[in-house]
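J.: Here's my sequence, what's the structure:
(one chain, ligands or ions: 1)
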Amino acid sequence: MTEHSENQFDPEKLLEAARQQATHARAPYSRFHVGAALWSAGRIFGGCNVENASYGLTICAERGAVMNWAAGGSPGTPLAIAIAARSADSGQWVEAMPCGACRQVLNELPGANQLVVWIWDGEGGKSTTLRELLPHSFGPSDLGIEKG
Ligand code: THU
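T.: Residues are numbered from 1 along each chain as shown. Here you go, the predicted model:
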């Protein structure tokens, strides 16, 4: 788990944490190394993709970061998630958006309507929002439950 105690939100720090998390990827099949970093309560919760020989049991970096945050007691309301992906073969950073499954998992977070998504493209960060990536979503409110 990557945690920092600095509580000032800093996208550069979050992107740096995502890049660092990508170095922990366990991706012998795709050789696509992904790191994610979730900012909540002034802390950073990291995740990396962990692949499986059955392929389908692979866990993405973003979901790893969410699980890490939950395992840490779900502190605060996540403000942003950063994602960094690199091809192990070329060594190049690749601009990669969160997959559909991860978007749906991020939609469970408190503050999902305001969650900012930062993508590392090898040169600097680009930001979008979960709402932009997952409009008209199905979520907790459809079942009468508040995100929390
Ligand atoms: N991957 C992620 O970790 N996050 C995404 O949002 C897209 C895909 C991983 C899963 C797999 O290990 C590899 O990238 C290739 O799909």
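J.: CA atoms for contacts and neighbours, from now on please.
T.: Noted.
J.: Please settle this for me: is V105 part of a helix?
T.: Yes: counting by DSSP: H, G, I helix; E, B strand; the rest coil, one finds V105 located in a helix.
J.: tally of neighbours for A71?
T.: 12 (other Cα atoms under 10 Å).
J.: give me the element the residue most central in space within the chain is part of.
T.: When Cα atoms, centre = their mean is applied to the chain, the residue found nearest the centroid is E62 (3.1 Å). Applying DSSP states H and E as the criterion places E62 in helix 61-71.
J.: cool, A85 as well?
T.: Secondary structure from DSSP H and E places A85 in strand 80-87.
J.: So is that strand next to the ligand?
T.: No: judged by Cα under 6 Å from any ligand atom, strand 80-87 makes no contact with the ligand; its nearest approach is 7.8 Å.
J.: Beyond that strand, next helix or strand please.
T.: strand 93-94.
J.: returning to that earlier point: distance between the helix holding E62 and the chain's centre?
T.: 8 Å (Cα atoms, centre = their mean, to the nearest Å).
J.: Likewise for stretch 35-42?
T.: For stretch 35-42, the distance to the chain centre is 8 Å (Cα atoms, centre = their mean).
J.: Just confirm yes or no for that stretch near the ligand.
T.: No: using Cα under 6 Å from any ligand atom, we find that stretch 35-42 stays clear of the ligand, coming within 6.9 Å at best.
J.: what about that stretch, average pLDDT?
T.: Stretch 35-42 comes out with an average pLDDT of 98.
J.: which residues touch it?
T.: 4-9, 14-15, 17-25, 44-49, 61-62, 64-66, 69, 75-85 (Cα atoms under 8 Å, 6 or more residues apart in numbering).
J.: What's the PyMOL line that selects buried ones from the residues you listed?
T.: Applying 16 or more other Cα atoms under 10 Å to the contacts of stretch 35-42, the buried members can be selected in PyMOL as follows:
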select buried, resi 9+14+15+17+18+19+20+21+22+24+25+44+45+46+47+48+49+61+62+64+65+66+69+77+78+79+80+81+82+83+84+85
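J.: packing partners for the strand holding A85?
T.: Applying 3 or more Cα pairs under 8 Å, 6 or more residues apart in numbering; DSSP states H and E, one finds that strand 80-87 contacts helix 11-22, strand 32-40, strand 93-94, strand 116-120.
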